[in-house]
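Participant: the following comprises the amino acid sequence and a computationally predicted model.
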Amino acid sequence: MAILLHIPLSFVHWATILLVLAALTGDSTGQYTAEAEADRVAALPGTEELKSDLFSGYVTVDKEAGRALSYLFVEAEDPASAPLALWLSGGPGCSSIGGGFMSELGPFYPDPDTPGKLRRNQWAWTRTANYIFLDSPAFVGFSYSNTSSDRIVGDARTAADARAFMLGFLQRFPQYANTPFWITGESYAGHYVPNLALEILRGNEEDRSTPPIRLQGVMVGNPWTDPTVDNRGAADMWWTHSITSDAVYRGMLRYCNFTTLGPLAMQAAGSTLASGSLLLSTLQTNVDITECNRVVYEAGAEFGQINIYDIYVDICYPSSVTAPARQLGKAVGSTASFAAVGPLLAENGAYDPCVDDEVSTYMNLPEVQAALHVNQSGQLPGPWSDCSSYLQYSRKDLLTSELPVWQRLLQRYPRLQILIYSGDVDGIVPVIGTRRWTAGLGLPITDPWRPWHSLTGQVAGHTITYAGLTFASVRNAGHMVPFTQPERSYAMFTSFLHNQTLPM
């Protein structure tokens with residue numbers, strides 16, 4: 001080992017070191033370390049035999065604070081040839097295991113007819129990528145900290161902890177040290193993903209004490225990016241889709257400062273923050289907080305009992321507000337926010353309107369937590385929940401534009417592959433705002449606007465490619481694109497993953 005420490009710490013040499021450590025500390029085959037084997041999920045309650053290897057447990061990211069993040073890792077059907085990917089759900093404060101793994105892109109969905117049972121997802125993204133689902137930051141999902149003040153957190157520590165997790169993960173699974181790595185997510189992952197990408201790339205350049213992480217690209221869906229653009233996009237979407245009245249729409253435009261007020265960011269602290277965006281020159285500079293409150297309340301009444309996440313599906317009865325929507329509303333400090341209006345989803349063919357309730361039931365089963373090696377020492381203060389009510393996420397960060405971060409990534413790391421995708425019937429972070437800010441980056445167009453098609457031959461959405469960034473809409477998809485349009489999202493994901501243009 002002393003000899004190894006004198007080897008120059010290039011990426012290849014770090015990969016060699018980690019692979020040697022795997023051989024020294026792993027099982028008799030040398031494929032997995034002892035730590036990885038301890039996290040192996042031998043069986044998952046409610047399922048038939050697993051088709052691929054699953055691992056679940058904790059990685060400590062701060063020993064002094066006692067802060068550890070829970071993860072669930074699903075190997076692909078052909079893990080040796082597949083890339084490595086990380087999924088981050090939004091909120092902020094919502095579980096990637098409960099969301100991404102259990103109800104969107106993982107290998108199973110809850111069986112709506114049999115509580116505690118799971119059914120297979122034929123369009124699982126885990127078929128073609130080795131996927132990590134990370135509950136981040138601490139106090140989300142099964143993640144925890146022994147330091148109660150860690151509940152107060154923002155983008156910077158969330159990104160630093162996620163990088164620390166990845167370094168720990170690659171020590172536990174060193175066979176993936178040389179595997180191309182992707183960061184993916186949705187919603188408030190519009191902050192998580194670009195900040196983590198920048199944290200990793202800076203760490204690769206500046207931190208010689210740790211091995212580089214081979215980041216190849218990022219994908220983020222319906223990303224909360226810039227409060228001015230996204231709030232205005234929500235107001236426009238609701239009016240153009242005949243959800244709100246002319247009077248309410250005009251009132252929002254007249255009275256609301258969409259940087260700090262409006263549909264998704266009402267009465268938030270730090271209301272003097274600038275968004276950093278000059279994309280919308282039509283915004284009013286004179287605002288009236290009282291009148292803005294009034295028209296947003298009126299909009300809530302006009303909305304009625306439909307789901308803000310997917311405006312064309314019915315709701316689950318008995319109706320309950322969706323946890324992620326509730327989380328964003330709580331985080332930005334708005335009782336009037338439409339982030340706190342939309343109840344849970346609905347029937348659309350095979351679409352399961354009550355999946356959140358079914359996930360919660362499943363994740364709270366003692367045998368499930370034992371199988372996943374989580375909460376076995378009572379780390380959670382109460383029952384598992386999809387989105388944390390204990391977390392106090394920075395309102396300043398919530399109202400800070402991510403456009404400067406995207407610009408730094410595009411300028412400094414031009415080889416990074418970037419896909420921004422958007423379900424076109426999402427009402428909480430609508431496609432309208434996302435199209436505005438991606439176009440507003442001012443990148444040269446390399447492939448003009450066109451339809452793209454899924455595996456069935458149907459038009460799956462529309463796409464445009466810029467120098468360094470691809471935008472794609474997904475037709476008739478809501479906020480959780482992999483769940484609401486699984487076949488179309490799988491076609492999009494696999495195409496971009498393999499550096500292919502979306503099918504013509």
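Facilitator: Arrived safely.
Participant: so where does L72 fall, helix or strand?
Facilitator: Using DSSP states H and E, L72 sits within strand 67-74.
Participant: what is the subsequent helix or strand relative to that strand?
Facilitator: Immediately after strand 67-74, counting by DSSP H and E, sits strand 84-88.
Participant: extract the C-alpha trace of that next one and format it as CSV.
Facilitator: What follows is strand 84-88 as a C-alpha-only set of coordinates in CSV (Å, rounded to 0.1, in the frame of the first residue of the first chain):
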residue,chain,number,x,y,z
LEU,A,84,-23.4,4.7,-13.7
ALA,A,85,-26.2,7.2,-12.9
LEU,A,86,-27.5,9.1,-9.9
TRP,A,87,-31.1,10.1,-9.3
LEU,A,88,-32.1,13.1,-7.2
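Participant: what lines up beside it in the sheet?
Facilitator: strand 130-134 (parallel), strand 181-186 (parallel) (DSSP bridges).
Participant: could those be laid out in CSV, adding mean neighbour count, mean pLDDT and distance to L86?
Facilitator: C-beta coordinates here come from the backbone N, C-alpha and C atoms, glycine included. Output for these, formatted as CSV (neighbours: other CB atoms under 10 Å; pLDDT from 0 to 100; distance: least, CB to CB, whole Å):
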stretch, mean neighbour count, mean pLDDT, distance to L86
strand 130-134, 27, 99, 5
strand 181-186, 27, 98, 5
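Participant: reformat those strands as CSV; add distance to G203.
Facilitator: Formatted as CSV, the strands paired with strand 84-88 follow (distance: least, CB to CB, whole Å):
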stretch, distance to G203
strand 130-134, 17
strand 181-186, 13
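Participant: paired strands for the strand holding L72, with orientation please.
Facilitator: For strand 67-74, pairing defined by DSSP bridges yields strand 54-62 (antiparallel), strand 130-134 (antiparallel), strand 144-145 (antiparallel).
Participant: got JSON lines for those strands, with distance to D111 too?
Facilitator: Converted to JSON lines, those look like this (distance: least, CB to CB, whole Å):
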{"stretch": "strand 54-62", "distance to D111": "18"}
{"stretch": "strand 130-134", "distance to D111": "20"}
{"stretch": "strand 144-145", "distance to D111": "29"}
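Participant: helices of the stretch 301-450 of the chain, residue ranges please.
Facilitator: Assigned by DSSP state H, counting those that start in this stretch, the helices in the stretch 301-450 of the chain fall at 323-332, 355-363, 366-371, 395-398, 403-412, 431-440.
Participant: elements contacting the shortest one?
Facilitator: The one in question is helix 395-398. helix 323-332 (3 or more CB pairs under 8 Å, 6 or more residues apart in numbering; DSSP states H and E).
Participant: how about A460, phi and psi?
Facilitator: Backbone geometry at A460, expressed as degrees, to the nearest 10, gives phi -100, psi -10.
Participant: any idea how far G168 lies from T210?
Facilitator: 10 Å (CB to CB, to the nearest Å).
Participant: same check on G300?
Facilitator: Taking CB to CB, one finds G300 at 48 Å from T210.
Participant: for those two, indicate the residue with more neighbours.
Facilitator: Between G300 and T210, G300 has the larger neighbour count (other CB atoms under 10 Å), namely 19 against 16.
Participant: and the closest residue to A82 other than its chain neighbours, how many neighbours?
Facilitator: Nearest residue to A82, sequence neighbours excluded (CB to CB, 6 or more residues apart in numbering): A76, at 3.7 Å. Using other CB under 10 Å, the number of residues around A76 comes to 21.
Participant: list the contacts for A76?
Facilitator: 52, 82, 126-131 (CB atoms under 8 Å, 6 or more residues apart in numbering).
Participant: one more: L84?
Facilitator: 129-130, 132, 176, 179-182.
Participant: what's the farthest-apart pair in the residues you listed?
Facilitator: I132 and P180 (13.7 Å; CB to CB).
Participant: out of the helices of the stretch 301-450 of the chain, which is closest to N293?
Facilitator: helix 323-332 (13.7 Å).
Participant: R232 is in contact with F258, isn't it?
Facilitator: Yes: using CB atoms under 8 Å, R232 is in contact with F258, at 4.6 Å.
Participant: which of these two has more neighbours?
Facilitator: F258 (29 against 26).
Participant: got the phi and psi for the nearest residue to the more buried one once chain neighbours are set aside?
Facilitator: Of all residues not flanking F258 in the chain, N231 sits nearest, at 4.0 Å (CB to CB, 6+ apart). Per-residue torsions, N231: phi -70, psi -40 (degrees, to the nearest 10).
Participant: any idea how far G154 is from N231?
Facilitator: Note on N231: its distance to G154, by CB to CB, is 20 Å.
Participant: who's more crowded, the two?
Facilitator: Between N231 and G154, counted using other CB under 10 Å, the more crowded position is N231 (30 against 19).
Participant: how much space separates L44 from A370?
Facilitator: 11 Å.
Participant: what does T484 give?
Facilitator: 32 Å.
Participant: who has more neighbours, the two?
Facilitator: T484 (24 against 12).
Participant: before we move on, the earlier item: which one, of the strands paired with strand 67-74, ends up nearest to I418?
Facilitator: Proximity to I418 (CB to CB) singles out strand 130-134 among these, at 19.1 Å.
Participant: residues making contact with that closest one?
Facilitator: Defining contact as CB under 8 Å, 6+ apart, one finds that strand 130-134 is touched by 69-76, 79, 82-88, 96-97, 100-101, 105-106, 125, 162, 165, 169, 176, 179.
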